[in-house]
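Just the structure for this:
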Amino acid sequence: LCVFVETKVPATAGFQLPDDLVARCKPIVLDAAYRPRNTKLILQADAAGCKTFVGVQMLIEQGLAQFERWTGQTAPRDVIERNVYEYYDRSDPGKK
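Down below sits the predicted model:
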């Protein structure tokens, strides 16, 4: 039973799963690589209709959880997400 695939392989490796496995199992895919946002694995999984999570989403979720743990307050999700994505997009070396 395939349910979840998580990778921490650098995006430059171009890692993908066998197409038949992705088509048959429709796993939930988390690719922890931050750049590019859509790695070959994420593009493959999206094309097959899988639920996907990109590395920058994982970064945001970890930050939100840490904020709440350290401060005891609810993290301002909208503010944090907006700032992370603005910085992420602004600092993208592929856009310069």
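
From now on I want contacts and neighbour counts done on CA atoms only, so please keep to that.
OK.

Quick check: closest non-adjacent residue to residue 51.
Of all residues not flanking residue 51 in the chain, residue 28 sits nearest, at 5.0 Å (C-alpha to C-alpha, 6 or more residues apart in numbering).

these two touch, right, the one you found and residue 7?
No - between residue 28 and residue 7 there is no contact under C-alpha atoms under 8 Å: 11.4 Å.

Pull the residues that contact stretch 52-64.
Stretch 52-64 is contacted by residues 28-35, 37-38, 42, 45-46, 75-77, 80-81, 84 when judged by C-alpha atoms under 8 Å, 6 or more residues apart in numbering.

Sitting in strands, which of these do you find?
Counting by DSSP state E, the contacts of stretch 52-64 place 28, 29, 30, 31 in strands.

before we move on, the earlier item: between residue 28 and residue 7, which is the more surrounded one?
residue 28 (18 against 15; other C-alpha atoms under 10 Å).

Show me the shaky parts of the chain.
Applying pLDDT under 70 to the chain picks out residues 1-2, 93-96.

quick one: the residue nearest the centre of it and residue 42, what's the gap?
The centroid of the chain falls nearest to residue 54 when counting by C-alpha atoms, centre = their mean (1.3 Å). Taking C-alpha to C-alpha, to the nearest Å as the measure, residue 54 falls 7 Å from residue 42.

Next, show the common contact partners of the two.
Common neighbours of residue 54 and residue 42 (C-alpha under 8 Å, 6+ apart) are 30, 31.

so what's residue 47 up against?
Contact analysis of residue 47 by C-alpha under 8 Å, 6+ apart lists nothing.
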